[in-house]
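J.: build me a structure from this.
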Amino acid sequence: MIMKKGLVLSGGGHRGVAHAGALQAMKEFELFPDEVSGSSAGAIVGAMYCAGYEPEDILSMFKEIKLFTFSTFARSKAGFVNSDVFRNYLIKYFPDNSFEKLERKLFVTATSLITGQKKVFSDGDLISSVLASAAVPGVFTPVEIDNDLYTDGGIIDNFPCKPLENRVDEMYGVYVCPLKEMNKNDFKRTIDVINRAVNLKMHDRSLKKFKYCKWVIAPQELESYHLFQASQADAIFEIGYREALKVLKLQYS
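T.: This next block holds a predicted model:
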């Protein structure tokens, strides 16, 4: 009997490049997940993987996209960066713009600003779904789909295991949002406390889902990298690769 394998990919901004490093290690162990569930950066990487792109292609894509340039700034919209600008980047990688054209099954998680509910996309317009899932609130403008406004899937579910339940025999995970160690001197502003509280809640919810996976790759070393550290893509890829090798050697050697 052939076991069906599923992979869960968390959000994490540019730390999502570590997902590609982990996929490279998995490739070397001949582990190829059949279905992927991703949120935010995990949705982008998941879409690339399910479309048949190699880990190095995913790394190149992250290095190619420039977030904060004059041409990407939103004007008269709720966000600093216009999410729609990135359609032109993604259409090069997904010319059919369809979940149904992917080589593997993909689930993408986003958050509805109107209903406050989680939405899982798995058919139809691929690019809009990925953009919605990756639209970090306050940074990227929300994405409109079917008369609703969507933003970052990580707000409600940053480690989306649920879509793969009862669909795969084994589930694996890559989590790229380690909780950074802090001390009392780090909390000098109100925003420091608010950000920490939000991160603690998101991290706690994600950790509780690790039990559904056979193993989870979670590089603690990524705590030194922030959400939009695009210049460190190669280093982040290497961190994901090294951590994945350690986990996979323990599991399969």
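J.: need the contact list for the residue nearest the centre of the chain.
T.: Per CA atoms, centre = their mean, the C-alpha nearest to the average position across the chain is that of residue 42, at 1.8 Å. Neighbouring residues of residue 42 by CB atoms under 8 Å, 6 or more residues apart in numbering: 8-12, 16, 19, 160, 174, 176. (Each C-beta comes from the backbone N, C-alpha and C, glycine too.)
J.: again, only this time at 6 Å
T.: 9-11 (CB atoms under 6 Å, 6 or more residues apart in numbering).
J.: check residue 175 too.
T.: 10, 216, 218.
J.: where does the first one fall, phi/psi-wise?
T.: For residue 10, the backbone dihedrals (degrees, to the nearest 10) come out as phi -80, psi 170.
J.: what does the second one give?
T.: Comment: the main-chain dihedrals of residue 216 come out as phi -130, psi 130, following degrees, to the nearest 10.
J.: the residue lying closest to it once chain neighbours are set aside: what secondary structure?
T.: Leaving out its chain neighbours, the residue that sits closest to residue 216 by CB to CB, 6 or more residues apart in numbering is residue 173, at 4.0 Å. In three-state terms, and counting by DSSP: H, G, I helix; E, B strand; the rest coil, residue 173 is strand.
J.: can you pull out the strands in this protein?
T.: Secondary structure of the chain, counting by DSSP state E: strands at 5-9, 35-39, 105-112, 118-121, 143-145, 148-152, 170-174, 215-217.
J.: just the ones you listed: most buried one?
T.: Among the strands of the chain, strand 35-39 has the highest mean neighbour count (mean count of other CB atoms under 10 Å), at a mean of 29.
J.: CA-only coordinates of it in CSV, if you can.
T.: Output of strand 35-39 as CSV, limited to C-alpha atoms (Å, rounded to 0.1, in the frame of the first residue of the first chain):
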residue,chain,number,x,y,z
GLU,A,35,-0.7,17.3,-0.8
VAL,A,36,0.2,20.7,0.8
SER,A,37,-1.6,23.0,3.1
GLY,A,38,0.0,26.5,3.5
SER,A,39,-0.6,29.8,5.1
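J.: give me the sheet partners of that strand and which way each runs.
T.: Paired strands of strand 35-39, with direction, are strand 5-9 (parallel), strand 105-112 (parallel) (DSSP bridges).
J.: can you give me the end-to-end distance of stretch 30-47?
T.: This stretch, stretch 30-47, spans 20 Å end to end (CA to CA, to the nearest Å).
J.: my bad, stretch 170-186
T.: Stretch 170-186 has an end-to-end distance of 40 Å (CA to CA).
J.: tell me how far that stretch lies from the chain's centre.
T.: Centre-to-centre, stretch 170-186 and its host chain are 14 Å apart (CA atoms, centre = their mean, to the nearest Å).
J.: many thanks, I have nothing further to ask.
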